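> Output the structure for:
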Amino acid sequence: MSYDCIIVGGGLAGLQAAIQLGRYRRSTLVIDAEDGRSVICRRYNNILGWPEGISGPELREAGKWQAKAHGVHFLNGKAASAEKTADGFKLTTQAGEQVTGRRLLLATGVVDRLPEIPGLSDCLGSSLYVCPDCDGYEASDRKTVILGSGKAGAYMALTVRYWTNQLIYINHESREIDETLARKLEEQGIVTVNAAIERIEAAKQSPEQLHAIHLANGQRIEALVGFVAFGGNEVRSELADQLGIQLHRNRHILVDARTKMTSVPGVWAAGDIVAHSEQTVIAMGDGSQAAIWMHKTLLNEPLLEKISPPEPLDDLT
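Below is the predicted model of the structure:
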């Protein structure tokens, strides 16, 4: 079947775009594998209008219902390939289903590398977090652990130090940390423990509340809040690669700042897959902005060639 617009990814960026396109009365399909960050996050605490927080699954369900009310179609599955056609783009899923569309939005996101540690998933998104910009506030003046590996965990510890001076970094895989980074941790009073995490203990009264970390060496570390940073996260830009889209050095997709279109005319990107801060509210804004310009170019095809190609980003650390 052919659509005006195909969205790959049914997270918060993809859903916001779908709602906007549905309200434009554009025939729209969302291909969703249902395995992104919003599926596992139990509480977003920094979204306007939700002072007590709201979970990813709740937002997804509400967004999906709202999009469907505007005629948006959904296909459960993973898009395995994308190719340019004379009239737009053809997508093929892992199950072999093929769909075509005149415009394409990639909202495939990022998947965090999370070792199989007993108890980790129980606390993830409620007292164990992945994003300090979203949830660093939760560590304010509280005993906090960083569960990580090598320099990725070390950088996370230094970032979270802004909110608390009660920090322990557990280098789960005992990966090497260079002398300069190790010295910074020491100067900031961050204790580093090189030991494997055996299991995570939740509070008895609440299975989602972190209580302690049990290490393979027999040590037990109590904490109320934790952040995970094991490095090696999967940036899902394979479809962008197939289409020849320009990527940043970290494999995030580069887009035009105003329109969110990629270096390939007719293809947009939104959400965590884009090279910027990985924030829920930014993802939703991206999705809406991309949808607006997808609609504009469907009204005026020559506009595609007038949108500036994305500019390379300076590395900011």
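> where do the strands sit along the stretch 101-250 of the chain?
Here the stretch 101-250 of the chain has its strands, by DSSP state E, counting those that start in this stretch, at 110-111, 128-129, 144-148, 167-171, 191-193, 197-203, 206-215, 220-222, 225-229, 234-235.
> Residues touching the fourth one, excluding its own?
Strand 167-171 is touched from outside by 143-150, 153-154, 156-157, 160-161, 177, 185, 188-195, 197, 213, 215, 221, 223, with contacts defined as CB atoms under 8 Å, 6 or more residues apart in numbering. Where you see a C-beta, it was placed from the backbone N, CA and C, and this is true even at glycine.
> So how do I select the buried members of those residues in PyMOL?
For the buried members of those, the matching PyMOL selection, counting by 16 or more other CB atoms under 10 Å, is:
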select buried, resi 144+145+146+147+148+149+150+153+154+156+157+160+161+177+185+190+192+193+195+197+213+215+221+223
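> Tell me which of the strands of the stretch 101-250 of the chain is the most buried.
strand 144-148 (a mean of 27; mean count of other CB atoms under 10 Å).
> can you list the strands of the stretch 101-250 of the chain in CSV and add mean pLDDT?
Below are the strands of the stretch 101-250 of the chain laid out as CSV (pLDDT from 0 to 100):
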stretch, mean pLDDT
strand 110-111, 92
strand 128-129, 94
strand 144-148, 98
strand 167-171, 98
strand 191-193, 96
strand 197-203, 96
strand 206-215, 94
strand 220-222, 97
strand 225-229, 97
strand 234-235, 94
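> Now distance to Y3 too, for the ones you listed, in CSV please.
Formatted as CSV, those follow (distance: least, CB to CB, whole Å):
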stretch, distance to Y3
strand 110-111, 26
strand 128-129, 36
strand 144-148, 42
strand 167-171, 47
strand 191-193, 52
strand 197-203, 43
strand 206-215, 39
strand 220-222, 52
strand 225-229, 37
strand 234-235, 26
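> Indicate which one of those strands is closest to G56.
G56 sits nearest to strand 128-129 of all these, at 12.7 Å, using CB to CB.
> Other residues contacting that closest one?
120, 135, 138, 147, 200, 210, 225-228.
> Please repeat the previous calculation with a cut-off of 10 Å.
When contacts are defined by CB atoms under 10 Å, 6 or more residues apart in numbering, strand 128-129 is touched by residues 41-43, 45, 114, 119-123, 135-136, 138-139, 144-145, 147, 156, 160, 200, 202, 208-210, 223, 225-229.
> pLDDT weak spots in the stretch 201-317 of the chain?
315-317 (pLDDT under 70).
> where along it do the helices fall?
238-242, 280-299 (DSSP state H, counting those that start in this stretch).
> Helix or strand: which one has G63?
Element membership for G63 (DSSP states H and E) is helix 56-69.
> Show the subsequent helix or strand relative to that helix.
Next along from helix 56-69, by DSSP H and E: strand 73-76.
> follow-up on the earlier one: so which of the strands of the stretch 101-250 of the chain gets nearest L21?
strand 110-111 (23.1 Å).
> Brilliant, that's me finished.
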